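Trainee: Mind looking at a prediction? Sequence and model below.
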Amino acid sequence: MSFAIAIDGPAAAGKGTISKAVAAHFGFAHLDTGLLYRAVGAKVLAGVDPLEAAETLTAEDLEEPGLRTADVAQAASRVAVIGEVRAALVDFQRAFARRAGGAVLDGRDIGTVICPDAEAKLFVTASAEVRAQRRFAELEARGDDTSFETVLADVKERDARDAGRAEAPMVAAEDAVRIDTSELSIEAAVAAAIAAVEEARA
Ligand code: DC
């Protein structure tokens with residue numbers, strides 16, 4: 001039996017944390033689809049052609065260190081506007097969504113393009129300022145030398161590109177449950193997500 005949970009939303013809204021917790025709660029597999037675009041973006045930064053990078057992507061590429069940096073995030077957002085790159089990654093994501101035992105996929109276009117028939121759909125969001133603050137705290141803790149203003153500008157630039165592109169733009173599916181995490185603790189956001197999935201399962 002398959003059961004697909006689509007979790008979309010902008011950068012640093014809490015999708016990753018919520019997706020992992022939801023997957024653990026239901027005993028489902030989890031795929032962070034942003035990692036696919038980050039792995040392609042990292043290869044492009046290393047001089048590989050974007051389409052070639054997408055078509056030859058391997059599981060090991062997703063384990064590369066450095067995929068979480070701001071530069072790779074921007075490179076991922078830039079390769080993600082290329083229709084052929086997106087098309088090269090579709091089959092893998094759809095097969096993952098329909099694996100036996102249930103799957104959680106998080107990204108930007110899961111509920112709209114990759115898995116429009118997902119049994120449960122969430123759109124996790126938060127204000128740009130709150131998201132930038134969270135990302136800034138993460139980067140500071142890691143010892144990165146950056147400023148809140150730089151991180152906020154980065155978040156806004158990526159939002160605009162991800163939401164404004166012609167191909168599979170970031171947008172909430174009409175039937176997605178929206179969760180705004182701006183004023184929620186992690187525990188409350190996870191509880192809201194699990195409740196929404198339970199409702200879809202009922
Ligand atoms: O979720 P993330 O921040 O790791 O994603 C990095 C970039 O990848 C994001 O800015 C846009 C792109 N992306 C996408 O276009 N579609 C997805 N399903 C996931 C990510």
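Mentor: Done, it's in. All values derive from a computational prediction rather than experimental measurement. Numbering: from 1, shown residues only.
Trainee: Do I have it right that Phe136 meets Phe148?
Mentor: Yes: here Phe136 reaches Phe148: they are 4.9 Å apart, a contact under C-beta atoms under 8 Å. Using the backbone N, CA and C atoms, a C-beta is placed for each residue, glycine as well.
Trainee: The two - which one has more neighbours?
Mentor: A side-by-side neighbour count of Phe136 and Phe148, using other C-beta atoms under 10 Å, places Phe136 first with 21 against 15.
Trainee: got the residues of this structure near the ligand?
Mentor: 11, 33-34, 37-38, 73, 76-77, 80, 107-110, 158, 162 (C-beta under 6 Å from any ligand atom).
Trainee: which residues in this protein form helices?
Mentor: Secondary structure of the chain by DSSP state H: the helices cover 15-26, 34-45, 50-55, 70-79, 83-97, 128-141, 148-164, 186-201.
Trainee: Need the winner for burial among those helices.
Mentor: Ranked by mean neighbour count, these are led by helix 34-45 with a mean of 23 (mean count of other C-beta atoms under 10 Å).
Trainee: Based on its surroundings, how many neighbours for Leu67?
Mentor: The burial count for Leu67: 19, using other C-beta under 10 Å.
Trainee: List the residues that contact Glu55.
Mentor: Ala88 (C-beta atoms under 8 Å, 6 or more residues apart in numbering).
Trainee: mind checking pLDDT for Val48?
Mentor: Looking at Val48, its pLDDT reads 98.
Trainee: number of nearby residues for it?
Mentor: 14.
Trainee: residue contacts, the spatially most central residue of the chain?
Mentor: Residue closest to the average C-alpha location in the chain (C-alpha atoms, centre = their mean): Gly107, at 2.8 Å. Taking C-beta under 8 Å, 6+ apart, we find Gly107 in contact with Ile7, Asp8, Lys15, Asp32, Thr33, Gly34, Gln93, Ile114.
Trainee: so what's the second one bridging to?
Mentor: Put plainly, it is Asp8. Asp8 has these beta-bridge partners by DSSP bridges: Gly107, Phe123.
Trainee: Ser185 versus that one, what's the distance?
Mentor: Using C-beta to C-beta, to the nearest Å, one gets 21 Å for the distance from Asp8 to Ser185.
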